[in-house]
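Novice: The following block contains a protein sequence and its predicted model.
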Amino acid sequence: MSFLSIKGAVKQFGGLRAVDGVSFTLKKGEIVGLLGPNGSGKTTLINLVSGALPATAGEIRLNGQRLTGLRRDRIARAGVARTFQLVRILPSLSLIENVKITAVFGHNAHWGRAAERVAREALEMVGLSDRAEAQAGDLTYIDQKRLELARALAAEPEILLLDEWLAGLNPTELSEGIDLIRKLHQGGLTILMVEHIIDAVRALCPRVVVMNSGQLIADEATDAALSDPSVITAYLGG
Ligand code: ADP
């Protein structure tokens, strides 16, 4: 049975169909790469699933529950969490405060001590537990990315949407980042990840979906997709 189901998703910006009738499904526990050249509609699709933008048409369901038409906060409650291409944290708050907020407003709505515990676990998971009281704005870039991931994890999501979470990391950080995502997947989390680093996609995702000009042009095993002529042509701008 499909866990995340996207059927005929459309997002129109004026005359542009940034997402133009996209359909695919994810099974529970699956990790899938969302590929495509710049401007192909990947982030817009993530925005539709997370409710950051309302869909023009189509239907998105998680575990049978219709997400389309729900407000962003209800979609978070339903179990969708994400990271952003440009990190979004609360720089004047401490790490633990940053993460507690999402424990409160996430899927399982923890309060008080439970929120504190879930937040500490999330910081532990990303390797930031020893900095819990530091101010978020003082973190390095990679640690801000880790914090943002911890915020998503503290929501205890059913599905995690990563929008180029590995971008901009140095080789050591990249390999740590890949290990971390693998650990989350092995822990049972369902993950849809927009990613341009093909080695990371190969290492993490057995299957990819590929967009071009708002449409899905491939939904297949990663190796097959990366040698698929239509995928190669799309990346070359053909
Ligand atoms: P990708 O993530 O694959 O690089 P995007 O989803 O960011 O692609 O963008 C797809 C298309 O939609 C692009 O042409 C982009 O300029 C356009 N677009 C994205 N967001 C908006 C917006 N808020 N308003 C108008 N056009 C947008």
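Specialist: Happy to help now that I have it. Numbers count the residues shown, from 1 in each chain.

Novice: how deep is the nearest residue to Q144 once chain neighbours are set aside tucked in, by neighbour count?
Specialist: In space, and not counting its chain neighbours, Q144 is closest to V87: 4.8 Å by CB to CB, 6 or more residues apart in numbering. Any C-beta I mention is one placed from the backbone N, CA and C, and that applies to glycine too. For V87, the neighbour count with other CB atoms under 10 Å is 19.

Novice: Contacts only, for V87.
Specialist: Contacts for V87 (CB atoms under 8 Å, 6 or more residues apart in numbering) come out as 141, 144-145, 147-148.

Novice: What segments of this structure are helices?
Specialist: 42-50, 72-78, 95-105, 112-125, 141-154, 171-186, 198-204, 222-226, 229-235 (DSSP state H).

Novice: Make a markdown table from these and add mean pLDDT, distance to E30 and mean neighbour count to it.
Specialist: Converted to a markdown table, those look like this (pLDDT from 0 to 100; distance: least, CB to CB, whole Å; neighbours: other CB atoms under 10 Å):
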| stretch | mean pLDDT | distance to E30 | mean neighbour count |
| --- | --- | --- | --- |
| helix 42-50 | 98 | 14 | 23 |
| helix 72-78 | 95 | 18 | 17 |
| helix 95-105 | 93 | 23 | 23 |
| helix 112-125 | 94 | 20 | 18 |
| helix 141-154 | 95 | 17 | 23 |
| helix 171-186 | 96 | 9 | 16 |
| helix 198-204 | 96 | 11 | 17 |
| helix 222-226 | 96 | 12 | 16 |
| helix 229-235 | 91 | 20 | 15 |
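
Novice: mind checking which of those is nearest the ligand?
Specialist: The ligand sits nearest to helix 42-50 of all the helices of the chain, at 3.3 Å, using CB to the nearest ligand atom.
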